[in-house]
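>>> starting from these lines, generate the structure:
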Amino acid sequence: MAWFRVVQGVARHGVRRRGLAQAYQDVTRHRPIPPSACGFHSTALRPKAAPVPRPVPLSRLTDSFLDGTSSMYLEELQRAWEDDPSSVDESWDYFFRNFVGQAATSPGISGQTIQESMRLLLLVRAYQVNGHMKARLDPLGLEVREVPHDLDPAFYGFTEADLDREFFIGVWRMSGFLSENRPVQTLRSILNRLERAYCGSVGYEYMHIADREQCNWLRDKIETVNPRGYSKERQKVILDRLIWSTLFESFLATKWVTAKRFGLEGGETLIPGMKEMFDRAADLGVENIVVGMPHRGRLNVLGNVFRKPLRHIFSEFSGGGLKAVDEDGLYSGTGDVKYHLGTSYDRPTRGGKRIHLSLVANPSHLEAVDPVVMGKTRAKQYYSNDLDRTKNLAVLIHGDGSFAGQGVVYETLHLSALPNYSIGGTIHIVVNNQVAFTTDPKAGRSSQYCTDVAKALNAPIFHVNGDDMEAVVHVFELAAEWRQKFHTDVVVDIVCYRRFGHNEMDEPSFTQPKMYQVIRNHPSALQMYESGLLELGHITKEDIDSIHNKVSSILNEEFNNSKDNIPNRRDWLSAYWAGFKSPEQISRIRNTGVKPEILKRVGEAITTFPPNFKPHKVIKRVFDERAQMIRTGEGVDWAVAEALAFATLLVEGNHVRLSGQDVERGTFSHRHAVVHDQETGEIHCPLDHIIINQNEEMFTVSNSSLSEFGVLGFELGYSMENPNSLVLWEAQFGDFANGAQVIFDQFLSSGESKWLRQTGLVVLLPHGYDGQGPEHSSARLERYLQMSDDNPFVIPEMDPTLRKQIQESNWQIVNVTTPANYFHVLRRQIHRKFRKPLIVMAPKNLLRHPKCKSNLSEFDDVQGHPGFDKQGTRFKRLIKDQSDHSDLEDGIRRLVLCSGKVYYDLDEERQAVDAKDVAICRVEQLCPFPYDLVQRELKRYPNAEVVWCQEEPMNMGAYSYISPRLATAMRGSGRGGTEDIKYIGRPPSASTATGFLKVHQQEQKELIQRAIRNNGD
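Numbering: from 1, shown residues only. Got it, this is the predicted structure:
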């Protein structure tokens, strides 16, 4: 890299781009790239010819190129070296010594100046930096990019007469052709080499990478004399794969003319590229690949890469596959369109290995699947003990418009190097249609390329002409090698086109008329590759026809078989999930209590610091208080209950992972899962030391980046890999979770129904009205309840031995009021044979509320202890009134049903006014609704007026969800209906809460009084 330091030295002393441009303007008209010229333009044709620049005289270029200061600096540097070589930097000494020595022995360069040699090195660097701007990337030839002036030899003072002159370029300690033992070369040979390397069908962007080793590795790959020379046998394999890709699309187009399929026509080289990349990755040690992609080309990927039986795909086009044959535990769901579905497959590779492929199901929300794939890959790495992250690989396929436009792309990229989110690099493939639906690049992004966002990560970017089959294969293999070598992200940008518009029913000429004039007459990549191989004599026409006939025969055979195709089973669970129940199968309800001795033992572990560890004095006091709670068994608070839940699950062999913004300490400074030594800065995580030789990742608590969408998606993907894990994501405030609404809507609430994939992800959303204003009060409970799919007018089977209410619901939503109940609801996630997402309205002021405490006996499994009832020790879906009421209380005037922290305000008011004729019951599990327990309380208080009380406005909170279900329970008990439910809470509001503390306090006081007092309202 000595020459690189030489160039940088000149640059630091005045080689400025402005000076270069000014020098060029002296002799020719400057033609800047138009600001609107972002990438490739689909509606403007290429100019006929670019004007040829005139050469700049050396005498003029010398001053302008280096400007006065730097020119004198270089001359003085040379004179200093001549006087004393040790007086200059070793890189300059190396350069001058080589130059002078070569000039003395090679008459052809005796008249050459050092500055000429310097300018030639800068020309080489210009190709390495900007050669991609001259590369032939657009298969349609519609690009309007201007070639940068620094790629023109005339810009450096070279003329046509210099082409066959020999120049000294030295031998440098770096990779690429400058490292070859050819210190003297003609200008023509240098330019030819640079043009072949940087301006062919591949454009390389890598000089933005700061790491010298990485740049040198790429230079060595790029600047080789013959970077890709495939044998005839290899070319025949590539051709076979391209024929499969192409004929698959044409077959679907013939059989289902009016069906949407989001075909790959125009980008068919993606399929052979992926196959070759997977083969190369397997050779380099990859065993599992997780893939996420949009709908375009998905069916082709499913059929040709993942080997989903073609008859199944064809059956789905014909409306088949709706019902599988009868089978125990049939898992049907609502289904999804065929181009959203996922699958998995163990694929044999060209090198004789097998590699497991997983395609993650995804919605039409482009790029939303990206963090899900990363999370699933990270989980695979954990469970396979893939510490160096070389066995499990994530591959994400993007569209050009979405890669540049969707914010979750950056959120996902931003996770790539974070300690508890890194997966050792992702391979990104952009299928660049050069138009996003109907939007041209100039209206879709501000950057030159759609991939420019990846430069923030120092990821190399390989732009490739999608019509050059072997160039596509080359960069796909190069991407696999990069990822396995450097364990960082890499981007492949396949510049292609859509032959039929956004989908097959679309008319793209409405908005891209010139582009589609060209496309209509443009040959396919297959036609061009076949022609090229025939010209070279590497294959015969008979060979090509034989492959075509073979593929067509198989496609027709599979089509005929699809007419009677009935799937034998739904492969909805991976190996880790064997034995887990579908919603059609009953899962036994289990106790979640823990033996007292285990609670004591883990309680000691979570409250103990290592010897000589010096925590903050406040935290030391907190841990001392926690230790007291464990010793006495009284006053257990929220943070201790959570830690006990995590610790006991770890003892039982489960993996626990908690992430989110500031979760290590906790937003409200309550958790302190990670403690910092105040003198050394060392950290201690008590939950890392629960069992002997505990895996350091068995318990993971990690502060995340300031992202909701990306991080929640990551944790969702993580939770889907293995059911024997408790995976939690906590929002900083529940109000902020709407930044991840796509994950809630398209994945978490509906993923099991659409794609038959279970997850037990826990989402903690701090919620509660305590005067912090409209952005720190509401987790928008109503939104999650509104997405719940339980029928409000039908009471399901509630017998404990037959109940499948939770299994048949899409998720669970709880608003818990005691530490013990929080402990049990977390453990319940693991102690059953199915998985459901759990949405928790997490507390804020209850974290330190003096009455929000539990006894340790409520956590154990000892019969007769306070937490034990007829069904054992487990989560209480409803907590009955804490007064000493019998099974029948005629004298109760009002039954107040509520949920969450408002209970403590209500109970305090009831005690203040001695309202013994009011009963208060807490609905801890809102969804699915506990009909049986609500009806039990309705029967207990036959004469009571039924009230629903909440802190939230009427159009928010749980009221809209509770009202019809409570009415159904009341009708079933002969207690009336909707009109007999009294609402007490804030009135409807556009904003979640007032921003004025005194107004909040007055509102809260009034609604609490109305709920308890007998004032006739």
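>>> domain ranges for this protein?
Here the domain parsing of the chain from the TED database is 106-223, 232-321+331-567, 596-858, 879-1012.
>>> dump those domains to TSV, plus mean pLDDT, distance to Asp89 and mean neighbour count.
For glycine as for every other residue, the C-beta is placed from the backbone atoms N, C-alpha and C. Shown next, in TSV, are those (pLDDT from 0 to 100; distance: least, CB to CB, whole Å; neighbours: other CB atoms under 10 Å):
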stretch	mean pLDDT	distance to Asp89	mean neighbour count
domain 106-223	85	14	19
domain 232-321+331-567	88	26	20
domain 596-858	94	38	20
domain 879-1012	95	62	18
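>>> how about these in TSV, adding distance to Leu77?
Formatted as TSV, these follow (distance: least, CB to CB, whole Å):
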stretch	distance to Leu77
domain 106-223	9
domain 232-321+331-567	32
domain 596-858	45
domain 879-1012	65
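>>> and those domains: which comes nearest Trp577?
domain 596-858 (5.6 Å; CB to CB).
>>> pop out the phi and psi values for Val202.
Backbone torsions of Val202, given as degrees, to the nearest 10, read phi -130, psi 130.
>>> state the distance from it to His474.
To His474, Val202 is 7 Å away according to CB to CB, to the nearest Å.
>>> okay, and the common contacts of these two?
Shared contacts of Val202 and His474 (CB atoms under 8 Å, 6 or more residues apart in numbering): Val464.
>>> ok, back up a step: for the domains of the chain, which one sits closest to Ser86?
domain 106-223 (18.7 Å).
>>> what's the offset of that closest one from the middle of its chain?
37 Å (CA atoms, centre = their mean, to the nearest Å).
>>> what is the closest residue to Met698 other than its chain neighbours paired to in the beta sheet?
Residue nearest to Met698 in three dimensions, not counting chain neighbours: His655, with 5.8 Å by CB to CB, 6 or more residues apart in numbering. In this entry, His655 is beta-bridged to Ser725, by DSSP bridges.
>>> go ahead and confirm His655 touches Leu687.
No. Contact criterion CB atoms under 8 Å: His655 and Leu687 do not qualify, at 11.9 Å.
>>> any shared contact partners between those two?
Joint contacts of His655 and Leu687 (CB under 8 Å, 6+ apart) are Phe699.
>>> before we move on, back to that, need the contact list for the residue nearest to Met698.
Contacts for His655 (CB under 8 Å, 6+ apart) come out as Tyr382, Glu697, Met698, Phe699, Asn722, Asn724, Ser725, Leu726.
>>> go through these and name the one nearest Ile586.
Distances from Ile586 to the contacts of His655, taken by CB to CB, are shortest for Asn724, at 20.8 Å.
>>> next one: that closest one from Arg657, what distance?
Distance, Asn724 to Arg657, by CB to CB: 12 Å.
>>> again, but for Ser777
Distance from Ser777 to Arg657, by CB to CB: 28 Å.
>>> let me have the contacts of His655 in TSV, extended by distance to Ile397.
TSV is the format used below for those (distance: CB to CB, whole Å):
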residue	distance to Ile397
Tyr382	24
Glu697	29
Met698	33
Phe699	34
Asn722	25
Asn724	30
Ser725	27
Leu726	31
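>>> are we agreed that Cys949 is in a strand?
Yes. Secondary structure of Cys949 (DSSP: H, G, I helix; E, B strand; the rest coil): part of a strand.
>>> need the contact partners of stretch 209-229.
Defining contact as CB under 8 Å, 6+ apart, one finds that stretch 209-229 is touched by 1, 4, 128, 174-177, 193, 197-198, 204, 206-207, 458, 460, 470-471, 473-474, 478, 481-482, 485-486.
>>> may I ask which helix or strand encompasses the residue positioned nearest the centre of the chain?
The chain has Pro371 as the residue nearest its centroid, 1.3 Å off, counting by CA atoms, centre = their mean. Secondary structure assignment for Pro371, by DSSP states H and E: helix 370-383.
>>> restricting to C-alpha, output that helix in CSV.
Output in CSV follows, covering the C-alpha atoms of helix 370-383 (Å, rounded to 0.1, in the frame of the first residue of the first chain):
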residue,chain,number,x,y,z
ASP,A,370,-35.1,-8.5,6.5
PRO,A,371,-34.6,-8.3,10.3
VAL,A,372,-36.7,-11.5,10.7
VAL,A,373,-34.2,-13.4,8.6
MET,A,374,-31.3,-12.0,10.6
GLY,A,375,-32.9,-13.0,13.9
LYS,A,376,-33.6,-16.5,12.7
THR,A,377,-30.0,-16.8,11.5
ARG,A,378,-28.6,-15.6,14.8
ALA,A,379,-30.8,-18.2,16.6
LYS,A,380,-29.5,-21.0,14.3
GLN,A,381,-25.9,-19.9,15.1
TYR,A,382,-26.7,-20.1,18.9
TYR,A,383,-28.3,-23.5,18.8
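>>> next one: that helix to chain centre, how far?
Relative to its parent chain, helix 370-383 has a centroid offset of 9 Å by CA atoms, centre = their mean.
>>> now the two most distant members of the contacts of His655.
Phe699 and Asn722 (15.0 Å).
>>> identify the residues contacting the residue lying closest to Gln694 once chain neighbours are set aside.
Counting by CB to CB, 6+ apart, Asp688 is the residue found nearest to Gln694 once chain neighbours are left out, at 6.2 Å. Each residue near Asp688 by CB under 8 Å, 6+ apart is listed here: Gln694, Glu696, Met698, Phe699.
>>> the spatially closest residue to Leu284 that is not a sequence neighbour and Val999, how far apart?
Distances taken as CB to CB, 6+ apart place Gln484 nearest to Leu284, at 4.2 Å, with adjacent residues excluded. From Gln484 across to Val999, the span is 60 Å (CB to CB).
>>> coming back round to it: identify, from the contacts of His655, the entry nearest to Tyr576.
Using CB to CB, the contacts of His655 come closest to Tyr576 at Asn722, 4.4 Å.
>>> and the closest residue in space to the closest one that isn't next to it in sequence, what does it touch?
Using CB to CB, 6+ apart and skipping residues adjacent in sequence, the residue nearest Asn722 is Tyr576, 4.4 Å away. Neighbouring residues of Tyr576 by CB under 8 Å, 6+ apart: Tyr383, Glu721, Asn722, Pro723, Asn724.
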